[in-house]
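Trainee: Would you be able to build a 3D model of this:
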Amino acid sequence: MCIDPIHAVRHRLRNKHVDGEDSTEKGQFYDYPHGHDSHWVKQQYLPNVIKNARYYEYGDNRNEQAAKEYWEKIKKG
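Mentor: As a prediction, the model looks like this:
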């Protein structure tokens, strides 16, 4: 299997053991979202070439609008 290096998983997200004593030496500066009250952390997860790609658009129904409002609220802090 060949993986395009541009779209490869970011290094800091590859290793689930990012909290080890050598994690900063490996360049893994992942901030675990579930360690925060909102379960969300402002950090870049995608490669630069696709970081602004849009993968989902909220619909007009009540549930999707509630989800949209929730994400907008926690992203503001």
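Trainee: State the three-state secondary structure for residue 30.
Mentor: coil (DSSP: H, G, I helix; E, B strand; the rest coil).
Trainee: Next, count neighbours for the residue lying closest to residue 71 once chain neighbours are set aside.
Mentor: Distance criterion CB to CB, 6 or more residues apart in numbering; nearest residue to residue 71, sequence neighbours excluded, is residue 40 at 7.9 Å. Any C-beta I mention is one placed from the backbone N, CA and C, and that applies to glycine too. Residues lying near residue 40 (other CB atoms under 10 Å) number 14.
Trainee: who's in contact with residue 40?
Mentor: Applying CB atoms under 8 Å, 6 or more residues apart in numbering to residue 40 gives the contacts 33, 71, 74-75.
Trainee: With secondary structure and distance to residue 46 as extra columns, can I get these in JSON lines?
Mentor: Formatted as JSON lines, these follow (DSSP: H, G, I helix; E, B strand; the rest coil; distance: CB to CB, whole Å):
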{"residue": "33", "secondary structure": "helix", "distance to residue 46": "15"}
{"residue": "71", "secondary structure": "helix", "distance to residue 46": "16"}
{"residue": "74", "secondary structure": "helix", "distance to residue 46": "19"}
{"residue": "75", "secondary structure": "helix", "distance to residue 46": "16"}
